[in-house]
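> make a model of this:
(chains A and B)
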There are 2 protein chains.
Amino acid sequence: MLNIAIIGVGTVGSSVANILKDNKEIITARAGRELIPTIGVVNNLNKKRDVSIELTDDINKVLDDDSIDIVVELMGGVDKAYEVVKKALEKGKAVVTANKALLAYHRYELQEFAQDIPFEYEAAVAGGIPIINALREGLTANNIISIKGIMNGTCNYMLTKMINEGVEYNQILKEAQDLGYAEADPTFDVGGFDAAHKLLILGSIAYGIDAKPEEILIEGIQNITSFDIEFAKEFNYSIKLLGIAKRVGDEIELRVHPAFVPNDQMIAKVDGVMNGISVIGDKVGETMYYGPGAGGDATASAVIANIVDIARRGKGSPMLGYEKSFNKNLKLLPKDAIKTKYYLRLEVNDKAGVLAKIATILGDCGISIEKMLQKPLKNEKSNLLLATHTCVEKDIINAITELENSKVVTQKPAMIRIEA
Amino acid sequence: MLNIAIIGVGTVGSSVANILKDNKEIITARAGRELIPTIGVVNNLNKKRDVSIELTDDINKVLDDDSIDIVVELMGGVDKAYEVVKKALEKGKAVVTANKALLAYHRYELQEFAQDIPFEYEAAVAGGIPIINALREGLTANNIISIKGIMNGTCNYMLTKMINEGVEYNQILKEAQDLGYAEADPTFDVGGFDAAHKLLILGSIAYGIDAKPEEILIEGIQNITSFDIEFAKEFNYSIKLLGIAKRVGDEIELRVHPAFVPNDQMIAKVDGVMNGISVIGDKVGETMYYGPGAGGDATASAVIANIVDIARRGKGSPMLGYEKSFNKNLKLLPKDAIKTKYYLRLEVNDKAGVLAKIATILGDCGISIEKMLQKPLKNEKSNLLLATHTCVEKDIINAITELENSKVVTQKPAMIRIEA
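Down below sits the predicted model:
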C-alpha cells in the first residue's frame, strides 16, 4: 500500500484522486499494491471540489507526515513548488510532478537533489502521451537525431482552424478563449513559452543539455496571417508551432517557432487540440507519438503511470503487465458476435429487379444499407458495392449465404469490415 | 558490466551486436553499465556475417556459461525457441526476445516460468515502436477500451500502393517480393497471421486475456480488388489490415482483417511500410504510436531498449535519462547559426523593378529563392510570399534588415521557418 498526497486539487489533482478510485481494481493489479490518494492540499478549503478525499490547507503537516509515501505536486509555479518538492525529497518521499515550468528551470538541481529517490514527471510534457517514457526507455539504443513536436494544443487548435476554415488569428483566438482552450492572457501558449518549457525537458533526456527558457529561440504564432495560410496551401504545407531539438555536430539546436511543414510528414497530420511528437533516432528511424496534450483525465493518466512506476520500483514491470491477476473473468467474444459495419461487393446481372431482391434479402436478415455504389462490368453485369449500418457478424454471414443461394449474385460475395 | 549472448545472428542479431558497439558511449551512459555482446550462436559457422563478435554453433555451451547474463533469442520458430528460452531462464539468465510466434503460443507459460527473472519482448510487436512500453507502463491508469493497429508493414505497403496507384493485388505482391518486403510464400504476412501473433501479445497486456492464434478471427488482404479501392475513394476511406483488440462488456474481441477506415482517423494516415497503433484508454482518450515495424536496426533498437531496462532493474530509470553523464560537451547552438529554409512575406509597391531589387538584396546576402507566390493587395501594393533554399539564420536576419533599409518593402517583413 502506498499513501499519496496531492498538492493542488484543481482539474488535474481531482482527476488523479478520482481515477485512483474509479480504476482501482486494474491499477492495483498492474502496480501490485494499492495506491491510496490519502490527502489533498489546497489553498482554499471553502472552494467546492469534486473529490472525496480528505483536504487540508496545511502543506507542512502533509510533508512532515511519515505515512505519506508519494507527493504529487500539481500546484504550479516555480519557486514555491521548488521548495515543496525539495522538502518532500528531503523527507525521503517520492515525487511526481506535472509542473513543466519547475523543470524548465530546476531539472538539474532536482536531479542532483533527488539522487535515488524517485522523481517522475511524465505529465509535464504532452499530457497523456507517454513521451518521457518513450525517450527515456523505449529509444535508449539511439543517438537522437531530432525531436520535432507539436506540444501546445491551444496553438495547434488555432492553426488548424486558420488553415481549414480560413479564419483570421484574432477571431480564432477569441473562439479558443470562449471554448476554454486559451487563457484570458494567452501569451504563455500563443507566445511559445509553454512549448519551450516542454522542449527543454525533452532536450535534456535526448542530449543531456542544460538550458533555460531565456537562452533559446522562442517565437509565437501571433503574426501569422491569411497570406501565410495561402502560401501553405499553394505549396502543400501545414503551419505548426514546433518545438525542435536537433543535434548538429557537437551543438544542439533548441527552438520553438511556427513552421511550415510538408503535408506528407506525420507531424503535419496532427490537427486540432492534439499533440504529436516525432523523434528520429539514428538506428530506429522516425517514431511518432500522438495524443491529448492537456485535460484533467489525460494529464492524470500520466501522473498515475508515474505512481505505478514508483510502486513497481525494484522489481521492474511485470512481463504481461499485471503483478496480480484481476478478477474480471474476461472471455473471448465469439467470432460471429462481432458488431461493426460491413461492406459487401456483389456481382450481379445488370437487370431490373435485382437491387430490390438484394435489399429484400438483406432486410430479412436484419441488415440495412447505409451507402451504395454501382459499377458496371463487362457482359451486362454490375458490381454493387454497399456499406451496411452496424450489424452482427452472424447476420452478415447469414445474408451472404442467402445471397449465394438465391442466385441473385453471380459470384461469391466479398465482405470487408468497416471500422469507423 | 553485463554479458550478452545473441542466439541467431541474422539481420536483427547482427544489428544488435553492431549497435551495442556503435552507440556504446550513449548506451552505457543510459544503462549505467557496459553492455557487452559477448557471443553469437549460429547454425552455420561458415556463413559470412557482418559482425565482429565471437560466434559458436554450440548453444548449450552458451546457455551453461555462468558469465552470460542476458540471452537474446532471435532464432525464430516456436518449439526450439521455447526450449532455449526456458533453459536460459532456468539458469537464471534474463531473456530478451523478438519472437512473436513464441509469445503468441507460450506467453503465459513463460510468464509463469520466468517469475522474477526479467523476460522482455518489446521487439516482438511493431519493431522499433515502443508500444509494449507504452501499454505496460505509460497507460497503466486506464481501462483499455480498444487497440487498433497496423502491425504488418508488408500489407500496409501493398494496400497503400493499391490505393495511391491503383495497382492490382497480384502486381503489387510481385513488386513487394522484388523489393524484399514480402516473402516468396507471402501467406504469413498477407494472410494476417503475423499481425495476429502481435495482436495476441497486446491483448494480454491490455486485458490479461489468453488466446491462441487458432481461436481468433484472422483474414488476409488477398481478395481485395480495385472495386473495393474505388469504393474506399468514393466514401473517403483507406483500407488497412487492422489488428483489433476491444472490450465489449466482459468479453474481448480479438480480430485481424482488412478494414475500411475513415481518412480522418490518425491510423488511416499511416502509409507504406510503417506501422501505427491507436490505443483508446477510458481516461487518456486516444494515443497513437507510429514507426517502423521491421528492419534490422529498428528491431534491434527495441531489443537493446529491453537490455538497458534489464541493466537498470532495481533502480528504475534515471530521472533525466542518464545514469552517468556522457562526455560529449554538447553546447547550445547560437540562435543565429540555425540553418533551415525560410519563408518571407514582403509587402511591396506593385511596380516594375521591385522584384529585381528584392532578388538582388537577397542574392547579396547569400540567399537564393526556391519558390514564390505574388498576391495583389489594395492600393497598388502586393504581397510577395517566397521560400528560400537552405540558408543561415544570420543571413536571413541581415537580409530582412537590408530589405527594410532599402525601403523596397512598405512594411516590416514577416519570416516563418520551413521545416522540410
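
> which other residues reach stretch A:34-49?
A:1-9, A:13-14, A:16-17, A:20-21, A:24, A:27-28, A:51, A:53-59, A:62, A:67-68, A:75, A:304, A:307-308, A:311 (C-beta atoms under 8 Å, 6 or more residues apart in numbering or on different chains). No exception for glycine: its C-beta is placed from N, CA and C like everyone else's.

> same check on stretch A:13-25?
By C-beta under 8 Å, 6+ apart, stretch A:13-25 touches A:4, A:6-7, A:9, A:27, A:34-37, A:40, A:49-53, A:72, A:74, A:296-297, A:299-301, A:303-304, A:307, A:326-327, B:141-143, B:282-283.

> report the buried members of those.
Among the contacts of stretch A:13-25, those classed as buried by neighbour count (16 or more other C-beta atoms under 10 Å in any protein chain shown) are A:4, A:6-7, A:9, A:27, A:35-37, A:40, A:49, A:51, A:53, A:72, A:74, A:296-297, A:299-301, A:303-304, A:307, A:326, B:141-143, B:282-283.

> inside strands: which ones of those residues?
Counting by DSSP state E, the part of the buried ones among the contacts of stretch A:13-25 found in strands is A:Ile4, A:Ile6, A:Ile7, A:Leu35, A:Ile36, A:Pro37, A:Gly40, A:Val72.

> quick one: which of these is nearest chain B?
Closest to chain B out of these is A:Leu35 (9.8 Å), distances taken as C-beta to the nearest C-beta.

> can you read off the pLDDT for the closest one?
For A:Leu35, the model assigns a pLDDT of 98.

> show the residue spans covered by the strands in the stretch 251-400 of chain A.
A:251-262, A:274-281, A:285-292, A:331-332, A:339-349, A:369-376, A:381-388, A:391-392 (DSSP state E, counting those that start in this stretch).

> the first one near chain B at all?
In other words, strand A:251-262. Yes - remark: strand A:251-262 sits within contact range of chain B at A:Glu251, A:Ile252, A:Glu253, A:Leu254, A:Arg255, A:His257, A:Pro258, A:Ala259, A:Phe260, A:Val261, A:Pro262, by C-beta under 8 Å from any C-beta of the partner chain.

> any chance of those residues in JSON lines, with neighbour count, pLDDT and distance to B:Asn170 too?
JSON lines is the format used below for the residues of strand A:251-262 next to chain B (neighbours: other C-beta atoms under 10 Å in any protein chain shown; pLDDT from 0 to 100; distance: C-beta to C-beta, whole Å):
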{"residue": "A:Glu251", "neighbour count": "15", "pLDDT": "96", "distance to B:Asn170": "51"}
{"residue": "A:Ile252", "neighbour count": "22", "pLDDT": "97", "distance to B:Asn170": "49"}
{"residue": "A:Glu253", "neighbour count": "21", "pLDDT": "98", "distance to B:Asn170": "47"}
{"residue": "A:Leu254", "neighbour count": "25", "pLDDT": "98", "distance to B:Asn170": "50"}
{"residue": "A:Arg255", "neighbour count": "23", "pLDDT": "98", "distance to B:Asn170": "49"}
{"residue": "A:His257", "neighbour count": "23", "pLDDT": "98", "distance to B:Asn170": "48"}
{"residue": "A:Pro258", "neighbour count": "22", "pLDDT": "98", "distance to B:Asn170": "46"}
{"residue": "A:Ala259", "neighbour count": "24", "pLDDT": "98", "distance to B:Asn170": "42"}
{"residue": "A:Phe260", "neighbour count": "25", "pLDDT": "98", "distance to B:Asn170": "40"}
{"residue": "A:Val261", "neighbour count": "24", "pLDDT": "98", "distance to B:Asn170": "37"}
{"residue": "A:Pro262", "neighbour count": "14", "pLDDT": "98", "distance to B:Asn170": "33"}
